[in-house]
Each structure stands twice: as C-alpha cells, then as structure tokens.
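What shape does this take:
(one chain, ligands or ions: 3)
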Amino acid sequence: MEIKIQVRNPDAWKAQAVIVPCCENENLVEQYPELDRACPWLAIAPAVCDFRGENGEIEIFYGHPDLQLPRVMAIGLGKRSDFSPGRLREGLAAAARKCVSLKLENCLFPTGCLEKFDGGAPRLLREGIYGFLLGLYEFSLKSEKSGISLKTLELACAERSDQIDQAAKDAEILAWATSLARDLDNLPGNMLYPEQLALRATELALANGVKCEVYDKSRLEELGAGCLLAVGQGSSHPPRLVVLEYAPAGLEKDRPLALVGKGITFDSGGLCLKPAANMAQMKCDMSGAAACLAAIIGAAKMKIRRRLVAILTCAENMPDGGAYRPGDVLTALDGQTVEVINTDAEGRLGLADALAFVCRNFEPEAIVDIATLTGACAVALGNEVAGLFSTDDALAAKIAALGEIGGENFWRMPLWPGYRDSLKSRIADISHTASREGGAITAALFLKNFVSPDIPWSHLDIAGVDWKAKSCALCPEGATGFGARTLLELARQVLA
Ligand code: BES
Ligand code: MN
Ligand code: ZN
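Ligands and ions are numbered 1, 2, ... in the order given. All right, here's what the predicted structure looks like:
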C-alpha cells in the first residue's frame, strides 16, 4: 500500500471512495463544503439522513458508478465533546477494513477535514494514517493467500506542506514497526525459534545500517550468561543473545538509550509445565524482544539523532532431560548466584543477564526493558493497560505520556521496597521468585537487582496486552505488537 500526497482541488478528487470523519449529530454536507464541489450528488443522496455519526459507525453513500468519485465513506466519531486523536485512529482503521472488504484499489482522504478537530492537524494526520495502516494488518500462514487489493491511499491537500509529508512518513514507519512486531509475535514456535529470531534481527539490521552481534551458546558461556543459558538448555534450539546498536555519525560516543526485550520464542513453562489451555499463546512470549527490534530498526529508518542499543534475550523454555530444574542455582553474568524456584519464571532470568550485560558494556543513559513477564500483571491490570515500573519518575512519566498519545496505555506500579526480602534465598544471593501475591512487583524487584543503581531504568510488563482475544478495528485477533511504537517514540525524545 502506497500513500500519495497530492495537491488537489475538490473538483479534481478522483478515487473509488472519499473518506470523511464526522461527529455525532453533525451534518456531513454542511460540515464539509468541499464535498459539495467534489460530489454534488451527496446532498441529495437518500441515505445521508440515516448517518448519525455515532462512534464506530460507517456509512457509504453512492453516486453513479461512472463518476470520478462514486462513493463517500462517512466515519462516525461520536460526540464532539468526546473527541480524541484515538477516535480518529480507530475510525480510519475501520475505514481501511471497509475498503478491503469492498475490494477497493484506492481511496482518498482530504487532509483539510482535520482542521475541524482539536489536537493539531499534523498529529491527527499521523494518528489517522497509523490507524489506517494498522487496519490493513493481517497475518496468515494459509497456503492460499488472500491478499489485499488496496494499492493507494491518496492524501488530498490544498497545498503542499512539510508537516503533512512528515506526519505521513512518521505514521508509515510507526505502523511498519508495530506490524513487524505483530508478524514476529504471531509466528509459531516451530517457525520462529531463537536462531530464527536472531537471524531476522541480523537481516533487518544489515538492511537498515544497524550493527548486530549475535552471541551463540559458546559465546554466552564465555560471557558467563548462566541464567539465559539455563532457560534454553532444555530445548533443541539453543539460546541467543542479540545485541543491536544504532549509532548515527558523530554520536558513537554518546551514552545510549538501551532497550532490553524478553525473547522467549515459546514458553512451555519448562519442567514446571504450564496447563494446556492457552499454552499456544506462549508463542508470543518474545513480544518484548520484537518490540525492541522493531523500535531500533524503525529509529534507523527515521534516521533519528540518538545512539540506541537493543538487547534481545532469545531462548525457548522446554521440559527435557537436560532442562534446568527447580532448586538449581545459576550464576548470572554479573556473578550473582540465583536460586531457581519455578522454571516457568524464565523471562526474568534471561533479562537478568541482559540487564547486567548492558550496564557493564554500554553504560546507558537510561534502560527500558519490556517483557511478557507475569500473569500477575495481567490479573492486576487486564488486557488494555500495561504495567510500568521505574526507578526514575521523569522516564516513567515520559513513557506513560507517549503511550497515551499512541494508544498504548501504561500504568505506574510500585517497586515496593518492603517486598525485597521475599526474594531472599537461604543458599544463593537471590531467589528468583516469591509468593503469588504481588507477583508483578516482585518480578520487577528481581530485575532491579541487575541494573546499576545510578542508571534510570523502567520495566514494562506487557503480559496481558500483547495479545488480543477478540479482533477490533486496529488489530485482528492475535498479537498486538504492543510497545514497539512507544519505544520508537521514546527513542526520539530527549530524556535528560
Ligand atoms: N510468559 C509468562 C507470563 C505470561 C502469562 C505472559 C500470561 C502472558 C500471559 C511467564 O514466563 C510466566 O510464566 N510467569 C509466571 C511466573 C511465576 C511462575 C512466578 C506466572 O506469571 O505465572
Ligand atoms: Mn514462564
Ligand atoms: Zn514467559
């Protein structure tokens, strides 16, 4: 799908459909006098009076099929007082889906109609296009490919402006990033195992001018990444640690922003096997890593001026004669000994090595890790908002604010110091799990142990939001790609 920006008078609008957003109980034709020039038949189209503009409503009005603009697709946004950029994002996602179901090849969006809404035209355009592109997202491994007929979205504007160009470009890369994360997340464990995830990262890095180093089993042994190695040792697919670095010219010596992602390509629970119900969803247990990968490659595509590092902890958690056991004591990369309690708490082990690694090797300006870490987080916050833990208020506030803009919601949770003692081990430096209660918090506290105290750090627990059980306009059933966009936006921000 291609986005074309074109300077066009309404008389010259030519497409199979023109998409127009409209609030509840507002008159479409009066609202947009341009429409009267582009499709004068609209005012007398019999169905127009049935359009209410309710949120989620889509109505199509037809002119004669031979006209250069034979359809008007009206998108209801609900009451004007409830308007938010998110409404537009969803509305245009629904419009994209409608175009696909009608098998249209092109459609037109008049950017001028954004002037009618609060929020600033460039930002609204960004959200609209982002939504439109995600509305087109689909994932299929069927032998017969359906394929989307839609080839172009034309943005018609009264005059050329850099702001419009920039908004469209941003939105395309943001949507690309989210879609990449979704694709990787949706791939099953037999197709995307640690070596494969590392390979995908290597290819993407190479194509986009990002450095990529892959640590295989023997190099992980040299590093002393005892925790990540243990998690992967029951699988026939050995673990990988992927280290990506984006350093624009002149900034090679800057302290980077570091992203660390949990990349468990399949989480069976290991010897502490998970119940069969919903185990298939654990192919998504690498969505943290996918979000980091998508963000750093997206940042390179945007050519942002900021040094970035992304670490992916790739392993498959399987039960086997060689698997790690409850009771095992592991030595992490920084030398801390860790007592394993439950082999299903594997994510934090790989992250422990990666956090220690990134602190030691890169001295980051800030670290953000992202992981489908705990069922407890999903229980606490449900499926629409992710957990955000942070040692730094400014970093946390930035992530939450960016998330809200992009439609990825985060809610701050406490790194409650009173629970630290629950991770005490009798025989090792630290025990890797505590009781069920407060499980998301104790997991975060475990991770905190591997981060240098002087580096601002946030931990994003996306268990619960990485997967949609029910399709919606912005996302079909399956992986959501949650986090890719927020991390990419964060990478563009000045943190200090
Ligand atoms: N990957 C799971 C967490 C998860 C659960 C993600 C549901 C998405 C949906 C993680 O590895 C896990 O199994 N965590 C355990 C930790 C426990 C054993 C301390 C959990 O949450 O039950
Ligand atoms: Mn697990
Ligand atoms: Zn897991």
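
CA only for contacts and neighbour counts going forward, please
Fine.

shouldn't Lys103 be in contact with Ser146?
No: with contact defined as Cα atoms under 8 Å, Lys103 does not reach Ser146; the gap is 11.3 Å.

next helix or strand past the strand or helix carrying Cys292?
Assigned by DSSP states H and E, Cys292 belongs to helix 287-302. Next along the chain after helix 287-302, taking DSSP H and E as the criterion, comes strand 308-317.

Give the partner strands of that next one in its sheet and their orientations.
strand 240-246 (antiparallel), strand 257-267 (parallel) (DSSP bridges).

want to try a markdown table for these, with mean pLDDT, mean neighbour count and distance to Phe51 as columns?
Formatted as a markdown table, the strands paired with strand 308-317 follow (pLDDT from 0 to 100; neighbours: other Cα atoms under 10 Å; distance: least, Cα to Cα, whole Å):
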| stretch | mean pLDDT | mean neighbour count | distance to Phe51 |
| --- | --- | --- | --- |
| strand 240-246 | 99 | 26 | 49 |
| strand 257-267 | 98 | 30 | 46 |
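
possible to save those strands as a markdown table with distance to ligand 1?
Output for the strands paired with strand 308-317, formatted as a markdown table (distance: least, Cα to the nearest ligand atom, whole Å):
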| stretch | distance to ligand 1 |
| --- | --- |
| strand 240-246 | 17 |
| strand 257-267 | 6 |
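
Using a markdown table, please lay out these together with distance to Phe362.
Output for the strands paired with strand 308-317, formatted as a markdown table (distance: least, Cα to Cα, whole Å):
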| stretch | distance to Phe362 |
| --- | --- |
| strand 240-246 | 10 |
| strand 257-267 | 8 |
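
For ligand 2, which of those is the nearest?
strand 257-267 (5.5 Å; Cα to the ion).

from the middle of its chain, how far away would that closest one be?
Here the centre of strand 257-267 is set off from its chain's centre by 13 Å, with Cα atoms, centre = their mean, to the nearest Å.

Then stretch 402-415?
That offset, for stretch 402-415, works out to 12 Å (Cα atoms, centre = their mean).

What's the mean pLDDT across it?
Average pLDDT, stretch 402-415: 98.

and it, how far apart are its ends?
21 Å (Cα to Cα, to the nearest Å).

follow-up on the earlier one: in terms of neighbours, single out the busier of Lys103 and Ser146.
Using other Cα atoms under 10 Å, the more surrounded residue of Lys103 and Ser146 is Lys103, with 12 against 9.

burial count for Ser84?
Residues near Ser84, counting by other Cα under 10 Å: 15.

Pull up the gap between it and ligand 2, please.
Computed as Cα to the ion, to the nearest Å, the Ser84 to ligand 2 distance reads 37 Å.

Please report how far that residue lies from Gly78.
10 Å.

likewise Arg348?
Distance from Arg348 to Gly78, by Cα to Cα: 43 Å.

Low-confidence bits of the stretch 51-200 of the chain, can you list those?
Residues of the stretch 51-200 of the chain meeting the criterion pLDDT under 70: none.

helix/strand/coil for the residue of the stretch 251-400 of the chain found nearest ligand 2?
Across the stretch 251-400 of the chain, the shortest distance to ligand 2 (Cα to the ion) belongs to Asp344, at 3.6 Å. Using DSSP: H, G, I helix; E, B strand; the rest coil, the three-state assignment for Asp344 comes out as coil.

give the contact list for whichever residue of the stretch 51-200 of the chain sits closest to ligand 2.
Closest to ligand 2 within the stretch 51-200 of the chain is Gly189: 14.3 Å, counting by Cα to the ion. Each residue near Gly189 by Cα atoms under 8 Å, 6 or more residues apart in numbering is listed here: 265-266, 283.

now swap in Ile370 and tell me
259-262, 288-289, 291-292, 459-462, 483.

Mind putting those into a markdown table with distance to Glu221?
Below are the contacts of Ile370 laid out as a markdown table (distance: Cα to Cα, whole Å):
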| residue | distance to Glu221 |
| --- | --- |
| Leu259 | 23 |
| Val260 | 20 |
| Gly261 | 20 |
| Lys262 | 19 |
| Gly288 | 24 |
| Ala289 | 21 |
| Ala291 | 26 |
| Cys292 | 24 |
| His459 | 26 |
| Leu460 | 28 |
| Asp461 | 28 |
| Ile462 | 29 |
| Gly483 | 30 |
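
Name the pair among those with the greatest separation in space.
Using Cα to Cα, the two most remote members of the contacts of Ile370 are Leu259 and Ile462, lying 14.4 Å apart.

Tell me, what's the model's pLDDT at Ala496?
Confidence score, pLDDT, at Ala496: 66.

Next: Cys49.
With respect to pLDDT, Cys49 has a value of 88.

and it, how many residues sit next to it?
Neighbour tally, Cys49, other Cα under 10 Å: 11.

Next up, the contacts around whichever residue of the stretch 101-250 of the chain sits closest to ligand 1.
Residue nearest to ligand 1 within the stretch 101-250 of the chain: Val231 (10.6 Å; Cα to the nearest ligand atom). Neighbouring residues of Val231 by Cα under 8 Å, 6+ apart: 315-317, 323-324, 343, 346, 349-350.

Next, it: secondary structure please.
helix.

Would you state the helices of the stretch 151-300 of the chain in chain order?
Assigned by DSSP state H, counting those that start in this stretch, the helices in the stretch 151-300 of the chain fall at 162-186, 194-207, 217-223, 226-232, 287-302.

Give the rounded mean pLDDT of the fourth one.
Mean per-residue pLDDT for helix 226-232: 99.

can you give me the strands in the stretch 51-200 of the chain?
58-62, 71-76, 106-110, 152-157 (DSSP state E, counting those that start in this stretch).

tell me which element the closest residue to Ser452 other than its chain neighbours falls in.
With sequence-adjacent residues excluded and distances taken as Cα to Cα, 6 or more residues apart in numbering, Ser452 is closest to Cys359, at 6.4 Å. Here Cys359 sits within helix 347-362, counting by DSSP H and E.

tell me what that helix is packed against?
Using 3 or more Cα pairs under 8 Å, 6 or more residues apart in numbering; DSSP states H and E, the elements in contact with helix 347-362 are helix 226-232, strand 257-267, strand 308-317, helix 439-448.

In PDB, could you pull the C-alpha coordinates for it?
Provided in PDB are the C-alpha atoms of helix 347-362 (Å, rounded to 0.1, in the frame of the first residue of the first chain):
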ATOM      1  CA  GLY A 347      11.800 -14.500  31.400                       C
ATOM      2  CA  ARG A 348      13.400 -12.600  34.300                       C
ATOM      3  CA  LEU A 349      16.400 -15.000  34.200                       C
ATOM      4  CA  GLY A 350      17.300 -14.000  30.600                       C
ATOM      5  CA  LEU A 351      16.600 -10.400  31.400                       C
ATOM      6  CA  ALA A 352      18.900 -10.500  34.400                       C
ATOM      7  CA  ASP A 353      21.900 -11.400  32.300                       C
ATOM      8  CA  ALA A 354      20.900  -8.900  29.600                       C
ATOM      9  CA  LEU A 355      20.500  -6.000  32.100                       C
ATOM     10  CA  ALA A 356      23.800  -6.800  33.700                       C
ATOM     11  CA  PHE A 357      25.400  -7.000  30.300                       C
ATOM     12  CA  VAL A 358      24.100  -3.700  29.000                       C
ATOM     13  CA  CYS A 359      25.100  -1.900  32.200                       C
ATOM     14  CA  ARG A 360      28.600  -3.200  32.000                       C
ATOM     15  CA  ASN A 361      29.200  -2.900  28.300                       C
ATOM     16  CA  PHE A 362      27.300   0.300  27.300                       C
END
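
Show me what the mean pLDDT comes to for that helix.
Rounded mean pLDDT across helix 347-362 is 98.

next structured bit after that helix?
Defined by DSSP H and E, the subsequent element after helix 347-362 is strand 366-371.

relative orientation of that next one and helix 439-448 in degrees?
140 degrees (axes from the mean of the first three to the mean of the last three Cα atoms, to 10 degrees).
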